[in-house]
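Enquirer: Below are the sequence and a predicted model; questions follow.
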Amino acid sequence: MTTQRGNGSWVVVPDPRVTETALTCFVLSRSADVAAHAAVRRGRAWLRMAVPQSHHPVALAVESWLRATALHGRADSGHGTATEAWSARVRLLRIVALRADGGEGVPGSWRILLAEIERACGEARTARLKPWSHVELLAGRAMVNWRLAAHDKARENVLAVVEHQAPDGSCYGNPISTALAFAAFDAIAPGTEPWRRALRWLLDGQHQDGTWRFCSSDVWDTTLTMRAFRGVPLFDTKCGSSAAGFLLDAQNSDGGWPFASAVESDNDTTAAAVLALTGGGAANGGVPRALVYLAERQTSDGLWRTWQFRDDPPAEDVVAHVVTALLDHGVGHAVSLTAAVRWLVERRNDGGRWTASWYRGLPYATLEVGSALRDLPVVVAAAAGDLAATQNDDGGWPAERGEASTPSNTGLALAMMLRGKAMDERRWQSALGYLLGTHRGDGTWPGRPEMYGPRPLLTHFPTHTQAFTVLGLRAARTYRAMVG
């Protein structure tokens, strides 16, 4: 309750990682601004001790390359080893390399990069690319055109970037997009008002430890907190009404909800907000509009993407959240869920498990999809049994079999044990012992990076850790009340 903000929301700054700090350090190091150079020194001091993420080879390659570039001010060819499936991440590194080569690069390679960016920009005009991703393309196009001496085109490109800049100087509150926008301003229009506002936002966003952090997500964090604590009398009395009020205020005009205030709606957060508001009495006022939003965004094959981006593939956790939300409001819509339910079942049959798109780990995927398939108890029980087999000797659950236990994954797994009727006394006692043993004196549990963004990089939001852990503790309490 003490962490709820005055507007009814919950939001935290995510833990630091190499990506944002290295990228921002590098683009600021190319500027002539004195304050920027002081910020770079603080950032580099943190980077010298920082360890790149290693859960995925592309994450390791991206963070290692960015860290080395930020510390030494020069680029190498390491970014070329990533696969085509991660072309957006590779393109980001190539844009940074362009800024780092000091004019010594090969013009032919710049023309190849420009052709790739132009093709991606063309696709963005018809595919509804995420706006912050569009900024990255526009900034890259500006810098490449400038290097190729197409100065008029570069200036036009910069004006297109400015159209995405908010009054606070950022581009959608995203440090990656804003850093790349600033790099374009600094190369082509230094000293201008957009340059000054972007610089100020970046400088003001540096933390005491010298880092820059990924985006916060006040709407998403509030939905998770409400879903975890709703039904606890003290929470409902002290926090519930103002939290619901915040969500209603954050709802966009299209009826959907954004992951963070004032950005575009997405299907996952919209479904999560509906779930958070379910049973909230007067707070349900925003739900009918959200049901229309979700109905209108069902694809021709009966599924849902995360974003409004045409080429965004359906994700198991997103489809599951939408199915669950629509099941909870069956009389409020006429959306057929048959294809979506069949697809979720087939995904497990084909892959032997469910895999989430937004959180790394088996427990999250299994619980969220299992909740959507509540009318298929045999399927849910089989999935719960498979998850039960991954419990570690310390009583906790890992994100993936063989890894160390974490409180958040243990909480998610306990909730699934209850839903899938796989809970027993031994499992209950050992898991509860693990959670009590990892509980800290300030009332929280430690966490690790687990949410994807941008993929394949991971971020840790402490609010998510607490919410997932509490889900498990409440499941454990329910189990104890059931068996006596």
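Expert: That came through fine.
Enquirer: what about the host helix or strand of Trp428, average pLDDT?
Expert: Using DSSP states H and E, Trp428 maps to helix 425-438. Mean per-residue pLDDT for helix 425-438: 95.
Enquirer: So which elements touch it?
Expert: helix 407-419, helix 462-483 (3 or more CB pairs under 8 Å, 6 or more residues apart in numbering; DSSP states H and E). For glycine as for every other residue, the C-beta is placed from the backbone atoms N, C-alpha and C.
Enquirer: Just name the most buried of those.
Expert: Per residue and on average, the most neighbours among the helices and strands packed on helix 425-438 fall to helix 407-419, with a mean of 28 (mean count of other CB atoms under 10 Å).
Enquirer: Next up, phi/psi of the residue nearest the centre of the chain, please.
Expert: Nearest to the geometric centre of the chain sits Gly453, at 4.1 Å (CA atoms, centre = their mean). Dihedral angles phi and psi of Gly453 (degrees, to the nearest 10) take the values phi 160, psi 120.
Enquirer: repeat for Thr459
Expert: Backbone torsions of Thr459, given as degrees, to the nearest 10, read phi -130, psi 150.
Enquirer: does it really touch Phe214, like I thought?
Expert: Yes. Applying CB atoms under 8 Å, one finds Thr459 in contact with Phe214, separated by 5.0 Å.
Enquirer: returning to what we had before: out of the helices and strands packed on helix 425-438, which gets nearest to Arg111?
Expert: With CB to CB as the criterion, Arg111 lies closest to helix 462-483 of the helices and strands packed on helix 425-438, at 43.3 Å.
Enquirer: about what we covered before: how many residues are close by the closest residue to the residue nearest to the centre of the chain other than its chain neighbours?
Expert: Of all residues beyond its chain neighbours, the one nearest Gly453 is Thr459 (5.6 Å), with distances taken as CB to CB, 6 or more residues apart in numbering. Counted with other CB atoms under 10 Å, the neighbours of Thr459 add up to 22.
Enquirer: Next one: Thr459 from Val12, what distance?
Expert: Noted for Thr459: a distance of 11 Å to Val12, by CB to CB, to the nearest Å.
Enquirer: In the stretch 301-450 of the chain, mark out all the helices, start to finish.
Expert: 316-328, 338-351, 362-372, 377-388, 407-419, 425-438 (DSSP state H, counting those that start in this stretch).
Enquirer: and Thr469, what does it touch?
Expert: The neighbours of Thr469, taking CB atoms under 8 Å, 6 or more residues apart in numbering as the test, are Pro407, Ser408, Thr410, Gly411, Leu435, Trp445.
Enquirer: could those residues go into CSV alongside distance to Ala273?
Expert: Listed next are the contacts of Thr469 as CSV, based on distance: CB to CB, whole Å:
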residue, distance to Ala273
Pro407, 25
Ser408, 21
Thr410, 26
Gly411, 21
Leu435, 28
Trp445, 25
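Enquirer: Flag the shaky bits of the stretch 101-250 of the chain, pLDDT-wise.
Expert: When residues are selected by pLDDT under 70, those of the stretch 101-250 of the chain lie in 101-108, 124-128.
Enquirer: Arg474: which of the contacts of Thr469 is nearest?
Expert: Distances from Arg474 to the contacts of Thr469, taken by CB to CB, are shortest for Gly411, at 8.8 Å.
Enquirer: Grab the nearest non-local neighbour of that closest one.
Expert: Gly472 (2.9 Å).
Enquirer: was I right about that neighbour contacting Arg419?
Expert: No. Gly472 is beyond contact range of Arg419, at 11.5 Å (criterion: CB under 8 Å).
Enquirer: For Pro190, find the nearest of the helices and strands packed on helix 425-438.
Expert: Between the helices and strands packed on helix 425-438, helix 462-483 lies closest to Pro190; by CB to CB that is 37.8 Å.
Enquirer: The residue located most distally from the centre of the chain and Glu425: what is the separation?
Expert: Distance from the C-alpha centroid of the chain peaks at Gly484, with 39.8 Å (CA atoms, centre = their mean). Distance from Gly484 to Glu425, counting by CB to CB: 11 Å.
Enquirer: List the contacts of the nearest residue to Arg347 once chain neighbours are set aside.
Expert: Excluding the flanking residues, the one nearest Arg347 by CB to CB, 6+ apart is Glu316, at 5.6 Å. Contacts were defined as CB under 8 Å, 6+ apart; by that measure Glu316 touches Leu344, Arg347, Trp354, Thr355, Ala356, Ser357, Ala365, Glu368, Val369.
Enquirer: Give the residues shared as contacts by Thr459 and Phe214.
Expert: Contact criterion CB under 8 Å, 6+ apart; residues bridging Thr459 and Phe214 by contacting each: Pro14, Arg17, Gly453.
Enquirer: now the second one: how far from Leu247?
Expert: By that I understand Arg17. Going from Arg17 to Leu247 by CB to CB gives 28 Å.
Enquirer: Report the buried residues of stretch 387-401.
Expert: Leu387, Ala388, Thr390, Gln391, Asn392, Asp394, Gly395, Gly396, Trp397, Pro398, Ala399 (16 or more other CB atoms under 10 Å).
Enquirer: Which stretch among the helices of the stretch 301-450 of the chain is buried most, on average?
Expert: Of all the helices of the stretch 301-450 of the chain, helix 407-419 carries the top mean neighbour count, a mean of 28, counting by mean count of other CB under 10 Å.
Enquirer: who are the neighbours in contact with the closest residue to Ala399 other than its chain neighbours?
Expert: Residue nearest to Ala399 in three dimensions, not counting chain neighbours: Gly361, with 3.2 Å by CB to CB, 6+ apart. Gly361 makes contact with Pro398, Ala399, Glu400, Asn409, Leu412, Glu450, according to CB under 8 Å, 6+ apart.
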